[in-house]
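Novice: I need the structure of the sequence given here:
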Amino acid sequence: MALAASSSSSAILGPVGSHDLNAAKISSFQRLNQPVILSASSNVIHGQSWMKPISADPKRSHTMIPFAATVAAPEVLGKGESEVVEDYDKLAKDLESASPLEIMDKALQNFGNDIAIAFSGAEDVVLIEYARLTGRPFRVFSLDTGRLNPETYAFFDTVEKHYGIHIEYVFPDSVEVQALVRNKGLFSFYEDGHQECCRIRKVRPLRKALKGLRAWITGQRKDQSPGTRAEIPVVQVDPTFEGMDSGVGSLVKWNPVANVDSMDIWNFLRAMNVPVNSLHSQGYVSIGCEPCTRPVLPGQHEREGRWWWEDSKAKECGLHKGNIKQEQVPELNGNGNGAAHKNGNAAVTDIFNSQNVVSLSRTGIGNLTKLENRADPWLVVLYAPWCRFCQAMEGSYDELAEKLAGSGIKVGKFRADGEQKKFAQQELQLGSFPTILFFPKHSPNPIKYPSEKRDVDSLTAFVNALQ
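Specialist: Numbers count the residues shown, from 1 in each chain. Next comes the predicted model:
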């Protein structure tokens, strides 16, 4: 990400009207035309932030101030005055049905120059557009990891010129980056996971940058990541990072588009003629560092283009760790596959339940791998029922099984998470879920399906080419 400062006089459609804020929802927006004054709640319960929100001053200087060096003089309260402590749990509920524009306006009003928009160079440019529409001054920052696509760097320049702002770029510690590369090479994340690299290039620089703020604005949405971001509030006390006052509750996190889906984001961007990253036209949806991002195919979830060599539940870099919904791997029943599995007090329902799909136990699939001459060829999916990517292909796989019924090709499934995962990785070529294997009739070695296209036609072509 990187930080930018904007003045209220640059690139504004017009003054903003409080009576029109709700009309500015993504699907049905309109220009606004009067100043907005929003009141803050002063109730106090759990989840509160022990800081005093700073209101924006339209006459202040807009000189860019480096994050870590930003220092705000404490306000002196008069006799008998008490500090207002915002209840952000209550505020999140109050704003749950508010438009992104109303939420953005509230954030900028409350924190003035002590808040900034986190911009990744993707569709979160929508945040900058909403900030512009409020008519208030705003800052933008971006993390430059040193591994971004050339198109993303070009997009940063385009955004700065379009909005008349200066993005405040934040960089990783050069000594840490040098040590990582010298010890493990440029592409160690393909071997041992992306977390270490992300921690050095993204998480630590962000942590340092946020120490110069009291609040930040992110483009997180509930529909972005399978199973991990489904409970994001529109505003919260940041559960992971600290702000300039240090300590728990010293930083507030705003997520104005948490309740907006991807299609509405894009409809809004097109309608407002907002510039977008040219990578989007090449099939990229979720955009990160160049080595860890690739285009997705039609029907694939946007996060499948990120860290594609890892399991679906690992597709987070750590910037929003506090918002990740933790899901424990459910226990397997006696034979390793069952209709329902317990995950704490919640049941995880099994998938691929077609009568044409054979459920294989560990012993069953183990025997299948040992056979050199099989009576019939087999197509087997290695899956986890909680995996959204597995769930997404359930319909096509069941349809394929029905299509192949009576053809002499057996279709099976093997639940490969939990205690079975290590076995599947060592013996069955499991990389991430789902993994699809074809066991030929006269060959001992299974053949792994290499494509991410999981529609019926693509899977049928794979089977027909090998049977």
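Novice: Buried residues of the helix of greatest length in the chain, list them for me.
Specialist: Across the chain, the helix with the greatest residue count (assigned by DSSP state H) is helix 150-163. Within helix 150-163, the residues that count as buried by 16 or more other Cβ atoms under 10 Å are 151-152, 155-156, 159, 162-163. C-beta: built from backbone N, CA, C; applies to glycine.
Novice: ok, those residues vs E290, which is closest?
Specialist: When the buried residues of helix 150-163 are compared for distance to E290 (Cβ to Cβ), T152 comes out closest, at 8.2 Å.
Novice: wait, what's in contact with that closest one?
Specialist: By Cβ atoms under 8 Å, 6 or more residues apart in numbering, the contact list for T152 reads 121, 277, 279, 287.
Novice: at 10 Å instead, please
Specialist: If a contact means Cβ atoms under 10 Å, 6 or more residues apart in numbering, then T152 has 120-122, 142, 144, 277-279, 284, 287-290, 293 as its contacts.
Novice: next one: N464
Specialist: Neighbour list for N464: 407, 409 [criterion: Cβ under 10 Å, 6+ apart].
Novice: same thing with I447?
Specialist: Listed by Cβ under 10 Å, 6+ apart, the contact set of I447 reads 429, 436-440, 462, 465-466.
Novice: Next, give me the two most distant ones among those.
Specialist: When these are compared pair by pair using Cβ to Cβ, the two farthest from each other are Q429 and A465, 18.2 Å apart.
Novice: re the thing from before, ok, so of the contacts of I447, who is nearest G366?
Specialist: Within the contacts of I447, distances to G366 taken as Cβ to Cβ reach their minimum at F439, with 12.2 Å.
Novice: what's the burial count for the closest residue in space to the closest one that isn't next to it in sequence?
Specialist: Leaving aside its sequence neighbours, F439 sits nearest to W378 (Cβ to Cβ, 6 or more residues apart in numbering; 4.1 Å). When neighbours are defined as other Cβ atoms under 10 Å, W378 has 21 of them.
Novice: where's W378 relative to K202, distance?
Specialist: In this structure, W378 and K202 are 42 Å apart, going by Cβ to Cβ, to the nearest Å.
Novice: Give me the below-cutoff pLDDT ranges for the protein.
Specialist: Under the criterion pLDDT under 70, the flagged ranges of the chain are 1-84, 224-230, 297-303, 308-347.
Novice: show me where it has helices.
Specialist: 88-94, 100-111, 125-134, 150-163, 174-184, 189-192, 195-198, 204-210, 262-271, 362-370, 388-392, 394-404, 421-427, 456-466.
Novice: Would you tell me which of those helices gets closest to R306?
Specialist: helix 195-198 (10.7 Å).
Novice: In the closest one, which residues are buried?
Specialist: Neighbour-count burial for helix 195-198, with 16+ other Cβ under 10 Å as criterion, is recorded at 195, 197-198.
Novice: Can I get these in TSV including distance to R374?
Specialist: As requested, these are exported to TSV (distance: Cβ to Cβ, whole Å):
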residue	distance to R374
Q195	40
C197	42
C198	43
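Novice: which one of the residues you listed is nearest G366?
Specialist: Among the buried residues of helix 195-198, and counting by Cβ to Cβ, the member closest to G366 is Q195, at 31.8 Å.
Novice: For W307, see how far away that closest one is.
Specialist: Distance, Q195 to W307, by Cβ to Cβ: 10 Å.
Novice: and I167, how far is that from L148?
Specialist: Following Cβ to Cβ, the distance that separates I167 from L148 is 13 Å.
Novice: Count the residues that sit near V260.
Specialist: 21.
Novice: Surely it and L127 touch.
Specialist: No - no contact is recorded between V260 and L127 when judged using Cβ atoms under 10 Å, the distance being 11.1 Å.
Novice: what residues are shared contacts of those two?
Specialist: Here V260 and L127 have 100, 219 as joint contacts, going by Cβ under 10 Å, 6+ apart.
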